[in-house]
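A.B. asks: Give me a model of this one.
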Amino acid sequence: MIAHHRMMQPLTLRGHTLRNRVVFGAHTANMSENGLPGPRYGAYLLERALGGAAMIVAEPMPVHPTGVLTRGNFRPGDDAVIPAFRAIVEPVKAAGAVILQQLYHVGQHGDSDLSFTPHWGPSGMPSYHDSDGSHAMTEREIEEMIDGFVQAARRCREAGFDGVEVWAAYHSLLEQFWTPWSNRRDDRWGGSLENRTRLSRTIVERIRASCGEDFLIGLSVSHSGSQSVTLSAEALAEIVALHDATGHIDYVTCGSGGYLDFEKLMPTFLFPETPTTPVTRLLKEAVRHARITAESHVRTPDNAEAVLAAGEADLVSIVRGQIADPHLVRKAAEGRAGDVRGCLSCNQMCWGRRSRDYWISCLVNPSVGREFEWGGDRFERASQPRHVVVVGGGPAGLEAARVAAERGHRVTLAEAMGELGGQFRLAGLQPRRAQILDLIDWYERQFTTLQVRVLRNTFLEADEVRALEPDAVVLATGSLPDEEATQRWLPDLGPLPGLDQGGVWSPEEVLRRAARLGEEVIVYDEGGNWRGAGTAWHLAEAGHRVTLVTPDPYVGRELSRTSADIPLRQRLARLGVRMLPDHAVLAWHGDGATLRSLLDSHEERVTAQALVMATTNRAFEPLSQDLKDLECHVIGDAAAPRQAPYAFYEGRRLGRAL
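C.D. replies: Numbers count the residues shown, from 1 in each chain. Here you go, the predicted structure:
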């Protein structure tokens, strides 16, 4: 019996057999080309089908022009999508997966910059996506919307999809009609529960009549418990039971959060895993026909097995986990769950790129979105194996060494420190970021399997690199903190005045426990990301009184794209951290710092025994000039200091090319 046997049990839905209980759930990959699915999106889905996912729910299709929300949305109301989707659906089904498409409309929470239309909703309430209001739909417009859903389902049927998933999650249009706070109508579409659910029930009934009895219909819901005006879990269960009673709904998938608590919609590592299981238990008790899917932060095969073993759901939707490792299911089925590359729950390149309206990718899996070019997370053997020496065991070096070894090269990895990971390992020492350490352990296991020779505590000089007799050298030596602590937003200041007073440290020195700190610490966070803010959190949890200074208008500005900034600030506030946005450090005095407001130039002196400067690093690359006679490649921070995704990307790109 395999370790994840419940996860691997098949399930039949309306005559369609799912080979296991794992769904690759709907999410906006933003990969359309001129509003049509193309090779990028097709290869992205196919890789997860080849990786073992039982059911794939393709990216949400807006059913009406008023629902367009991203540049990458598929065309609503256009039959041109049918042949384009058929080219994608057929390979996915041939790979053994059942495939549906999600149909959606965001209702009042639209985006005028992209739709160029009024937002349609039940009662003209404000948008929580932009600053606009919305238009209260007329009876005629409600009928138009119903037909939009039905015609979209008809296109799915003609394209070969096995079914559709009707989206009523995150306080979207259908949930807006369900919720008394947002549905203030006094006609047959508002008031009583029967009236408030009339729109969604009518949509489902007409899709069933149009598409037939063998067509799967799912319902997507979510629970948002942060505001009293949203639906309670019990109210949601009652609504689901009404839809289940029709016999038309085959499954219900339940997520978390919504437009009123967006940070819970795709929970980062700041939140517990499997947050929806208390609600999915209620839904299982409420239904007689439909199967229940738990989604939202179901990250690993162990998560999935635990949810299914406890009877908390019938299916699990693992989205970010299968973005990070598209072969998660196959590896678990083969008893190789330890080979699954774990998602970091960071949202940096999935939701982080989607929030900026780019196609999505992944920090730890840079093949995401490039499967059609790179062949997914599978590598062709090198025609001529070589000896590759990688200098530096941070993200770029780790990935270059792994991919080169996967392709059959003999690899030697030299790391100056006693442990692999570089600065990325130090980031894993910040609160709740231990998933980074799990990833580094994964690399260690892969190196053992791939017979990568790892030299620790080995700082190589040029002649020592030559002595290893490499055919190719990869210089991934990383970056170092700026010794002058220069600040981007005080460009005329130059080196920080007062550096000679001592007591000025980098975040890396703090996390390595090399910094000598007193009770009061100032952290200057120029990047607006985890390097500064996470260090402040680390220090506050350790009992220091922390003042967090940033030139940005708010703490965690760069983290807002991942939806992690609000819960971060909440935690810092609870820990008593004083946050000073729109400020820079004018001078350090050894016992405090003079801060300058970037708004009105007001100066304030803040007492502290230590100053931590999270400013831009400088590349550290001491070898290439002395190794000009060898084939050398400089990657990652050694080329230019950046965040981790670009180091992993350059490592994989080079490893594929060697």
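A.B. asks: Only C-alpha atoms from now on, for both contacts and neighbour counts.
C.D. replies: Fine.
A.B. asks: Identify the residue spatially nearest to Arg208, adjacent ones excluded.
C.D. replies: By the measure of Cα to Cα, 6 or more residues apart in numbering, the closest residue to Arg208 outside its immediate chain neighbours is His248, 6.8 Å from it.
A.B. asks: List the contacts of Leu493.
C.D. replies: Counting by Cα atoms under 8 Å, 6 or more residues apart in numbering, Leu493 makes contact with Thr486, Gln487, Leu586.
A.B. asks: Would you mind measuring from the closest residue to Pro267 other than its chain neighbours to Gly556?
C.D. replies: Computed as Cα to Cα, 6+ apart, the closest residue to Pro267 that is not its neighbour in sequence is His297, at 6.4 Å. Separation of His297 from Gly556 (Cα to Cα, to the nearest Å): 22 Å.
A.B. asks: Name the residues of the least confident helix or strand in the chain by mean pLDDT that come out as buried.
C.D. replies: Here the helix or strand of the chain ranked lowest by mean pLDDT, DSSP states H and E is helix 112-115, holding a mean of 89. Buried positions in helix 112-115, judged by neighbour count with 16 or more other Cα atoms under 10 Å: Ser112, Ser115.
A.B. asks: Tell me the strands beside whichever helix or strand comes after that helix, with direction?
C.D. replies: Following helix 112-115 in sequence order, the next helix or strand is strand 119-121 (DSSP states H and E). Strand pairing for strand 119-121, using DSSP bridges, gives strand 134-136 (parallel).
A.B. asks: Can you mark which positions in the next helix or strand after the partner strand are buried?
C.D. replies: Along the chain past strand 134-136, the next helix or strand (assigned with DSSP H and E) turns out to be helix 139-159. Neighbour counts over helix 139-159 (16+ other Cα under 10 Å) mark 142, 145-159 as buried.
A.B. asks: again, but for stretch 224-234
C.D. replies: Neighbour counts over stretch 224-234 (16+ other Cα under 10 Å) mark Ser224, Gly225, Thr230, Leu231, Ser232, Ala233 as buried.
A.B. asks: nearest to Glu406, of those residues?
C.D. replies: Using Cα to Cα, Ser224 is the member of these that lies nearest Glu406, at 43.6 Å.
A.B. asks: which SS state does the residue nearest the centre of the chain fall under?
C.D. replies: A centroid search over the chain (Cα atoms, centre = their mean) returns Asn347, at 2.8 Å, as the residue closest to the centre. Put simply, Asn347 is coil when judged by DSSP: H, G, I helix; E, B strand; the rest coil.
A.B. asks: quick one: it from Ser563, how far?
C.D. replies: 8 Å.
A.B. asks: which neighbours do the two share?
C.D. replies: Common neighbours of Asn347 and Ser563 (Cα under 8 Å, 6+ apart) are Met266, Thr268.
A.B. asks: domains for the protein, by residue range?
C.D. replies: 11-374, 387-480+619-657, 499-616 (automatic domain parsing).
A.B. asks: now the last one: mean pLDDT?
C.D. replies: Averaging the model's pLDDT scores along domain 499-616 yields 97.
A.B. asks: Please compute how far that domain lies from its chain's middle.
C.D. replies: Chain-centre distance of domain 499-616: 26 Å, with Cα atoms, centre = their mean, to the nearest Å.
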